[in-house]
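Peer 1: task: produce atomic coordinates for the following.
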Amino acid sequence: MKIALFPGSFDPITIAHVDILKRAMPLFDRIVVGIGLNSSKQNFLSAEKREEIVKTVFQSASNVEVQLYEGLTVDFCAKIEAKYMIRGIRSAADFEYERAIAQINQTMMPDVETILLLSKPEFSAISSTIVRDILRNKGNVAPFVPQEALAFL
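Peer 2: Numbering: from 1, shown residues only. Sure thing, here's the model as predicted:
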């Protein structure tokens, strides 16, 4: 069984995240959306709310599940028996960052491959950081998040 992890904070999930995950779904038998908990990070949404939103967005996807995790992502891969990690790339800067992380992860856990999927051009400017800023300032995030998420935001 091909199991992949799609890790992130998803604070909040964006249409760019959804696009990456939908494009990855046919490639794997099971994809775990891993919502990483980082105590040093100030999140906009609670972990439970992020989990609920992602579950709602992918409720009809039979091969997608959502789990919260703490600690190293490679340790979580081992726990769920994932041999693949899915990451989205929007820019050259994202590539450099993701390449470094993938190489470190490869050293720590050689049997896990990182799969980098390029963002579609229309989604390359969308990030959770920008969406959080719009939310904090009471702006309209409807063009940037999945419709199922709007009820939670």
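Peer 1: helices along this protein, start to end?
Peer 2: Using DSSP state H, the helices of the chain run over 15-24, 47-57, 73-80, 92-108, 128-136.
Peer 1: packing partners of the longest one?
Peer 2: For helix 92-108, the elements it packs on are helix 73-80, strand 84-89, strand 113-118, judged by 3 or more CB pairs under 8 Å, 6 or more residues apart in numbering; DSSP states H and E. Just so you know, the C-beta spots here come from the backbone N, C-alpha and C atoms, and that holds for glycine as well.
Peer 1: model confidence over that helix, on average?
Peer 2: The average of the pLDDT scores along helix 92-108 is 96.
Peer 1: list the contacts of that helix.
Peer 2: Residues outside helix 92-108 that contact it (CB atoms under 8 Å, 6 or more residues apart in numbering): Leu72, Thr73, Val74, Met85, Arg87, Gly88, Ile89, Val112, Thr114, Leu116.
Peer 1: same thing with the last one?
Peer 2: Surrounding helix 128-136, the residues in contact under the criterion CB under 8 Å, 6+ apart are 8-14, 17, 44, 140-141, 144-145, 153.
Peer 1: now with 6 Å, please.
Peer 2: For helix 128-136, contacts defined as CB atoms under 6 Å, 6 or more residues apart in numbering pick out Asp11, Pro12, Thr14, Phe44, Val141, Phe144.
Peer 1: can you put those in JSON lines and add pLDDT?
Peer 2: Formatted as JSON lines, the contacts of helix 128-136 follow (pLDDT from 0 to 100):
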{"residue": "Asp11", "pLDDT": "96"}
{"residue": "Pro12", "pLDDT": "97"}
{"residue": "Thr14", "pLDDT": "98"}
{"residue": "Phe44", "pLDDT": "94"}
{"residue": "Val141", "pLDDT": "98"}
{"residue": "Phe144", "pLDDT": "98"}
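Peer 1: now the residues you listed: which count as buried?
Peer 2: For the contacts of helix 128-136, a burial check counting by 16 or more other CB atoms under 10 Å picks out Asp11, Pro12, Thr14, Phe44, Val141, Phe144.
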